[in-house]
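# Here is the input, now give the coordinates:
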Amino acid sequence: MRRKDKIITDISVIEHILNTSPVCRLGFIDDKYSYIVPVNFAYRNGYIYVHSAKEGRKIELIKQNPVVSFEMEDASEIIPAGKPCGWTTKYRSVMGTGTIRIENDSQLKKEGLDLIMAKYGAPPPFVYDEKILDQMIILVLKIETISGKQSGTFPD
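Numbering: from 1, shown residues only. This next block holds a predicted model:
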């Protein structure tokens, strides 16, 4: 990273971003172009969990190459200035790479969904319709590299 003063070195801050960001952007390799898709997700112990339909472009791309990139942020704010090039942005973000797998086991789908539902504020206990579970999958991304970057000051 060019700006060493912007690197987040505290793993607790990186995990805070992983746990509070509302959206994760997944980057896939698709022939000569990248394919980026925003997803709802949950994080736990080095893994990102995403619910998905069983079919679609991202599923086909995972089958071709399970190596992905990801990015998320938990805070951003444009800071205006008196002149155009004086503007800046206050932000915190993480990005990384990993390998993603398609999980169709019913129990593992429930565990992944439990994490996602809890993250977005649904009250437990979580009860799932088996027909709906049969129609979806959980994507499990094992984080292999991760880095954090921030600009501005934050309370934690």
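# C-alpha only now, for contacts and for neighbours.
Will do.
# what's across from Val50 in the sheet?
Beta bridges link Val50 to Leu139, judged by DSSP bridges.
# what number of residues lie near it?
Per other C-alpha atoms under 10 Å, the neighbour tally for Val50 reads 23.
# can I assume it is in contact with Val37?
No - taking contact to mean C-alpha atoms under 8 Å, the distance of 11.6 Å between Val50 and Val37 leaves them out of contact.
# Between the two, which contacts overlap?
Among the neighbours of Val50, none is also in contact with Val37 (C-alpha atoms under 8 Å, 6 or more residues apart in numbering).
# show me what contacts the closest residue to Ile138 other than its chain neighbours?
Excluding its sequence neighbours, the residue lying closest to Ile138 (C-alpha to C-alpha, 6 or more residues apart in numbering) is His51, at 4.6 Å. Contacts were defined as C-alpha under 8 Å, 6+ apart; by that measure His51 touches Asn40, Phe41, Gly112, Leu113, Met136, Ile137, Ile138, Leu139.
# which residue sits closest to the residue nearest the centre of the chain in space, ignoring its chain neighbours?
For the chain, the residue lying nearest the average C-alpha position, counting by C-alpha atoms, centre = their mean, turns out to be Cys24 (3.1 Å). With C-alpha to C-alpha, 6+ apart as the measure, Met72 is the residue that lies nearest to Cys24, at 4.9 Å, once sequence neighbours are left out.
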